[in-house]
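Enquirer: Below are the sequence and a predicted model for it; my questions follow.
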Amino acid sequence: MQAGRVSEFLQRVESEIQNRRLLLRGQKILVAISGGADSMVLLHALDSFAHKFRWKISVAHFNHQLRGRSSDADEKLVRKTAAALKLPVFVERADVKSFAKKSKLSIEMAARKLRHEFFARVARERKIYTIALAHHADDQVELFFVRLLRGAGGEGLAGMKWRSPSPADKTITLVRPLLGLTKAEMLDFASENKIPFREDETNASSDFLRNRVRNELIPLLQKKYQPGLAKSVLRLMEIIGAESEAVGKLAEDWRKRRWPGFENLPVAVQRRVLQSQLVSLGLMADFELVESLRQTAGFTISVSRDISVLRNTSGKVSLKRFQPTEFNPDELAVDLAGRAGEVFFDGACVNWSIDEQKKFKRPPGKAAREFFDAVKIGRKITLRHWRAGDRFQPIGLKSPAKLQDLLTNAKIPRERRHNLIVAATAGGEIFWVEGLRISENFKLTPGTKRRLVWRWRRR
């Protein structure tokens, strides 16, 4: 590369920094360095501007200890480079694998959490309020496909921003000066300026979704479908980001007007109103939960064993916390052999009988008696109690719902729920819950050939 092209690279970086006001004259900057090409180029680029803009640069390196000697070699290179540039360097090591296992996180998420917490801690201690990261245009494209495959919404598909708050400390700003540059451009710059860096061999591994997207999916799409994939995706992310930002502004403005006419809002704004409330309550705002709240007012939805949420007609989401109750593990296997039988289970007596007829009509309702299609239920069933995660589709409901939500909306006291008996088929599908309607999937129909008559009583 000619000197002019090197200069052009730095001019583009400087232009982005100034036009987007990412870094101001005279400020302190903590540069996060992994030892890879991206971060090493970022460090040298910012250092080349440091005198001009009177920046005070510090270096931070987090050793994930995931690659043994290779991780230690990364740390050594970062320390050596910082010393050569006469910059203060801060290093921390952590056993990411152990933390991931203990916290029940993926290796990737555990590493990200520990890394950002370390960067934020160093920044606070040094009174630095800006951390520079080396994310680039290729990272954006990879992130788009990763989030697309995981079902992200507009905010997620918009990708990383040039500046955003640190996930570990909202008072600290993350800036990404290289977001408009490609990996190839940075490798050219590193080569021409003899900038040392280390390759992370795990980038070639297929163990991580992001690596498969980078090494398999994107090359396939570029070769077979769209050579200009990166440009198209980046343009799309820009459009999605702008539209997502507009929806967020509309949702925020609507909430400031004290909740008028939620049902008349555009669907996208309704979703953002609910999403922002769930996030502020410290809950995961996944699509299913947002949609359940959006479509039904006054219906309690369980989020976990001890937390439920409810939306009122005005669109306001409220949270209810409960003291967790232990689930009853008792169960009884029952064989519906013969024409009739009787079993006892946990304080209840269940009588059953099976009859055959060409056309069954449902008899008038009677307490403690139900009728089912015996063929659909099968011969082997299980009597047990409600368990965490149980789903049930009562007659008249179009799809299964969490049994916990159904019990809540039936106003069955929490202390009683764990003692209620449920009956399930050999395949695990619940066809009867004590005190609720029968299952939609096992009701009598004109095609029913054998009828199960089900009676129960408490001792």
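Expert: Cool, the structure landed. Residues are numbered from 1 along each chain as shown.
Enquirer: Show me the strands in the stretch 201-350 of the chain, by range?
Expert: 301-304, 307-311, 317-321, 331-335, 340-345, 348-356 (DSSP state E, counting those that start in this stretch).
Enquirer: and the direction of the longest one versus that of strand 340-345, what angle?
Expert: Between strand 348-356 and strand 340-345, the angle comes out at 160 degrees (axes from the mean of the first three to the mean of the last three C-alpha atoms, to 10 degrees).
Enquirer: Quick check: next helix or strand after strand 348-356?
Expert: Note on strand 348-356: by DSSP states H and E, the next helix or strand toward the C-terminus is strand 369-373.
Enquirer: Run through the neighbouring helices and strands of the next helix or strand after that next one.
Expert: As assigned by DSSP H and E, the chain's next helix or strand after strand 369-373 is helix 374-377. On a contact count with 3 or more C-beta pairs under 8 Å, 6 or more residues apart in numbering; DSSP states H and E, helix 374-377 meets strand 450-458. Glycine gets a C-beta too; all of them are placed from N, C-alpha and C.
Enquirer: buried stuff in the strand it packs on?
Expert: 451-454, 456 (16 or more other C-beta atoms under 10 Å).
Enquirer: And the contacts of stretch 294-305?
Expert: Around stretch 294-305, the neighbours that count as contacts under C-beta atoms under 8 Å, 6 or more residues apart in numbering are 267, 270-271, 274, 283, 289, 292-293, 308-313, 320, 322, 324, 388, 402, 404-405, 408-409.
Enquirer: ok, now with 7 Å
Expert: The contact list for stretch 294-305, computed with C-beta atoms under 7 Å, 6 or more residues apart in numbering, reads 270-271, 274, 283, 289, 292-293, 308-313, 324, 388, 402, 404-405, 408-409.
Enquirer: again, but for stretch 53-70
Expert: 23, 25-33, 43, 46-47, 49-50, 71, 75, 78, 82, 87-97, 111, 114-115, 118-119, 122, 126, 128, 201-202.
Enquirer: now that stretch, how far from the centre of its chain.
Expert: The chain centroid and the centroid of stretch 53-70 are separated by 28 Å under C-alpha atoms, centre = their mean, to the nearest Å.
Enquirer: So for that stretch, what gets flagged as buried?
Expert: 53, 55, 57-66.
Enquirer: Just those residues: which are in helices?
Expert: Phe53 (DSSP state H).
Enquirer: want to throw the buried residues of stretch 53-70 into CSV with pLDDT and distance to Thr425?
Expert: Formatted as CSV, the buried residues of stretch 53-70 follow (pLDDT from 0 to 100; distance: C-beta to C-beta, whole Å):
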residue, pLDDT, distance to Thr425
Phe53, 96, 71
Trp55, 97, 68
Ile57, 97, 66
Ser58, 97, 64
Val59, 97, 62
Ala60, 97, 57
His61, 96, 57
Phe62, 95, 51
Asn63, 93, 53
His64, 90, 47
Gln65, 85, 49
Leu66, 85, 46
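Enquirer: Which of the buried residues of stretch 53-70 fall in strands?
Expert: 57-63 (DSSP state E).
Enquirer: Can you tell me which of those is nearest Val279?
Expert: Checking those against Val279 with C-beta to C-beta, the nearest one is Phe62 at 26.6 Å.
Enquirer: Could you measure from Phe118 over to Ser166?
Expert: The gap separating Phe118 from Ser166 is 11 Å, by C-beta to C-beta, to the nearest Å.
Enquirer: What about the contacts of stretch 294-305, which are in helices?
Expert: Short answer: these in helices (DSSP H) are 270-271, 274, 289, 292-293, 404-405, 408-409.
Enquirer: Now which of those would you call buried?
Expert: For those, buried by 16+ other C-beta under 10 Å: 270-271, 274, 289, 292-293, 404-405, 408.
Enquirer: and the residues you listed, which two are the farthest apart?
Expert: Taking C-beta to C-beta, the two most distant members of these are Gln270 and Gln404; they sit 24.6 Å apart.
Enquirer: Quick check: Val433 touching Phe392?
Expert: Yes - shown here, Val433 and Phe392 form a contact pair, counting by C-beta atoms under 7 Å, at 5.9 Å.
Enquirer: Could you tell me which residues touch both of those two?
Expert: Leu403.
Enquirer: who's more crowded, these two?
Expert: The neighbour comparison of Val433 against Phe392 (other C-beta atoms under 10 Å) goes to Phe392, with 27 against 24.
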